[in-house]
Structure formats: C-alpha cells, structure tokens
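Build me a model:
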Amino acid sequence: MFRLLGLLALLLALAPDAAAQGGRRGGQRLGQLENAKIAFITNRVSLTQDQAQKFWPVYNEFSTRRRELNRSSRVLRRDVSENMSDQQIRDNLNQSFALRQQELNLEKEYFEKFQKVISLRQVAQLFVAERDFTREVIKRVSGAPGQASQAIPGDD
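This is a model prediction of the structure:
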C-alpha cells in the first residue's frame, strides 16, 4: 500500500508538467495522471480484483460520456459575447442548463449501473474519491508549495 501511495505522490508531482507540456510528452503525462486516478480510486473504494474488472469498463464509459457533456458546456460558456442578443444569451443559458441536467441524469444512470458491480457504500466512496482526486490534482497544478513530495491526505 505504501508503494502505491508513493507512486501516486510521484505521478501527482508530475501534474504541473502535464499542464505545461504539449505533444507526445504531454499525452504521456496525462496518461500517467489517468493511471494515478485509477490507482487512487481503486485504493479509496477498496475494489477487489474481480470488482475492478467489472467496474472499470463501466466507469470508463461514464467518464467518456461525462467528458463529452463537459466539453459541450465549455464551448457554450465561451460563446457568450457582447455582440449577442438577449435571446441568443437566453438560448445559450438554457442550453447550458440542459447540459447540466443531462450530466445529473448521467450520474443517476451510472449510480444504478455502478451498484450492479460494487456495493452502495463503494459507490458513495467513489464519488468522494473523485472529488478528492480532483482537489489534489488542482492543488498540485496550482503549484502549492511543498505539495509535490507529500502523499495524498487521508489515504494512509
């Protein structure tokens, strides 16, 4: 377990470089970050090997669909400009609300799917682990002093 924590700390220490790098190396860093997320969630949710084999394909499908919704939301937020009419702004905001509702519906849908492969308690731990992992990455990317070499809090 300590080896896993060390690996996570190392991979998260590389997160600032992932944000700054482009091309192949940046893609490798993002891959390492994704691997760190898998290890982090597997550990936090206490997935058995059997559960992990069933869980990760479902989770990856969920992540892909959620990423598509988030990408669409970002495009909408970027599209608001001074040249837009009130109706265009209203339409843009309504589309944004619809996308947020779709994301909520997606979470509800996968809440049911996750329960078919892991326990209800593990599903709850999954949602907490996702938030915790995101917070850690943001902390590392923002360059908080002394964060790169520390283990992830609450994961001892």
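
contacting residues for the spatially closest residue to S73 that is not a sequence neighbour?
Leaving aside its sequence neighbours, S73 sits nearest to L99 (Cβ to Cβ, 6 or more residues apart in numbering; 4.9 Å). Any C-beta I mention is one placed from the backbone N, CA and C, and that applies to glycine too. Each residue near L99 by Cβ atoms under 8 Å, 6 or more residues apart in numbering is listed here: L69, S72, S73, L76.

What of A52?
Contacts of A52 (Cβ under 8 Å, 6+ apart): T42.

how much space between it and K37?
Separation of A52 from K37 (Cβ to Cβ, to the nearest Å): 13 Å.

N83 too?
Going from N83 to K37 by Cβ to Cβ gives 40 Å.

So if I had to pick from the two, which one is more boxed in?
K37 (20 against 6; other Cβ atoms under 10 Å).

Now do the contacts for the more buried one.
Counted by Cβ under 8 Å, 6+ apart, K37 has contacts F133.

Can you read off the pLDDT for it?
With respect to pLDDT, K37 scores 95.

how close does it get to R44?
10 Å.

Ok, S142 next?
Counting by Cβ to Cβ - S142 and R44 are separated by 22 Å.

next one: V137
Going from V137 to R44 by Cβ to Cβ gives 14 Å.

And for K113?
19 Å.

Compare neighbour counts for the two and give me the winner.
Counted by other Cβ under 10 Å, K113 and R44 do not tie: R44 has more neighbours, with 19 against 14.

thinking the more buried one is in contact with Q122, fair?
No - in this structure, R44 is not within contact of Q122 by Cβ atoms under 8 Å, at 9.3 Å.

low-confidence ranges in the chain?
Flagging of the chain using pLDDT under 70 yields the residue ranges 1-26, 79, 144-156.

And the helices in it?
Using DSSP state H, the helices of the chain run over 2-13, 15-20, 23-45, 49-79, 86-115, 120-141.

burial count for Q122?
Neighbours around Q122, by other Cβ under 10 Å: 19.

tell me the contacts of it?
Q122 is in contact with V45, S46, L47, Q51, F114, counting by Cβ under 8 Å, 6+ apart.

cool, and W56?
So, once contact is read as Cβ under 8 Å, 6+ apart, W56 ends up touching I38.
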